[in-house]
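Trainee: what follows is a predicted structure for the sequence shown.
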Amino acid sequence: MIRHLDLENLLFLDIETVPANADFSELDDDWKKLWEEKSKYFRERDEISIEDSYERAGIYAEFGKIVCISVGFLRQVKGERRYRTTSFYSDDESQLLHDFANLLNNHYNSRDHMICGHNVKEFDIPFIARRMLVNGIHLPHILDIAGKKPWEINHLDTMELWKFGDYKNYTSLKVLAKLFGIPTPKDDIDGSQVARVYYEEKDLDRIEVYCRKDVLATAQLVLKYRNEPLIEEHEVQNV
């Protein structure tokens, strides 16, 4: 599977998002009404209050914001494999998106480059693109898919690859990591806890570590798909 790809052309990616405000009560009247309409279906289905439902706002680009984008890439350095990783994280979403856009524009702008992530086509990339537009940032070429044919879109989704054409089920990165024996830390926060850690603990560094480790797990999954050795600790470089 995907053995034809040059791994050095892949940019592994994951994002962490939170609701735009810490609490539903902080929204103005217009946004309260809009969230009431957006959340109506699952509030009634799950029998939860509108205040409790707002914790899910972070999964919608219209009601949430990005607090961290972590990336990783593989390189050969003097004949040895290296996995390099860095993160863009800040309370200032506009700044982190500008910095990430600069990375894409300067280093991932050719027809051979690809963005790779788990469920990246359904979540990460659309979320990033939408928030860039909200923040007045021109979309880098690799994110601007308008008018492109499917084979011209350089996005590689490890969840989609696992489906093999089966569209019935979502398979999490955590499940696939366990299935393939990919080591994952046991002390991380869960994705559902990111908003609490951000707004209550104000620990953005902890969120960054969690995000960066998910990117590594995605890179490891790609290597497993190719039947290649996993990245070892001494091969990881934070830049």
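Mentor: That came in fine, so what should we check first? Residues are numbered from 1 along each chain as shown.

Trainee: and Met132, which helix or strand is it part of?
Mentor: helix 125-134 (DSSP states H and E).

Trainee: check which helices and strands that helix sits against.
Mentor: Packing partners of helix 125-134 (3 or more Cβ pairs under 8 Å, 6 or more residues apart in numbering; DSSP states H and E): strand 10-19, strand 64-77, helix 93-107. Just so you know, the C-beta spots here come from the backbone N, C-alpha and C atoms, and that holds for glycine as well.

Trainee: just say which of the ones you listed is most tucked in.
Mentor: strand 10-19 (a mean of 25; mean count of other Cβ atoms under 10 Å).

Trainee: so what secondary structure elements neighbour whatever helix or strand comes next after that one?
Mentor: The helix or strand immediately downstream of strand 10-19 is helix 29-46, counting by DSSP H and E. For helix 29-46, the contact count by 3+ Cβ pairs under 8 Å, 6+ apart identifies helix 50-53 as packing neighbours.

Trainee: who touches the helix it packs on?
Mentor: 23-25, 35-36, 39, 42-43, 46 (Cβ atoms under 8 Å, 6 or more residues apart in numbering).

Trainee: now do it: distance to the chain's middle.
Mentor: 25 Å (Cα atoms, centre = their mean, to the nearest Å).

Trainee: next one: stretch 208-227
Mentor: 12 Å.

Trainee: CA atoms only for it, dumped as PDB, please.
Mentor: Extracted C-alpha coordinates of stretch 208-227, given in PDB (Å, rounded to 0.1, in the frame of the first residue of the first chain):
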ATOM      1  CA  GLU A 208       0.800  20.900  22.000                       C
ATOM      2  CA  VAL A 209       2.500  17.700  23.400                       C
ATOM      3  CA  TYR A 210      -0.700  15.700  22.900                       C
ATOM      4  CA  CYS A 211      -1.100  17.000  19.300                       C
ATOM      5  CA  ARG A 212       2.600  16.400  18.400                       C
ATOM      6  CA  LYS A 213       2.300  12.800  19.600                       C
ATOM      7  CA  ASP A 214      -0.700  12.100  17.400                       C
ATOM      8  CA  VAL A 215       1.200  13.300  14.400                       C
ATOM      9  CA  LEU A 216       4.000  10.900  15.200                       C
ATOM     10  CA  ALA A 217       1.400   8.100  15.500                       C
ATOM     11  CA  THR A 218       0.100   9.000  12.100                       C
ATOM     12  CA  ALA A 219       3.500   8.800  10.600                       C
ATOM     13  CA  GLN A 220       4.100   5.500  12.200                       C
ATOM     14  CA  LEU A 221       0.800   4.200  10.800                       C
ATOM     15  CA  VAL A 222       1.900   5.200   7.300                       C
ATOM     16  CA  LEU A 223       5.100   3.200   7.800                       C
ATOM     17  CA  LYS A 224       3.000   0.200   8.900                       C
ATOM     18  CA  TYR A 225       0.900   0.500   5.800                       C
ATOM     19  CA  ARG A 226       4.200   0.200   3.800                       C
ATOM     20  CA  ASN A 227       5.600  -2.600   6.000                       C
END
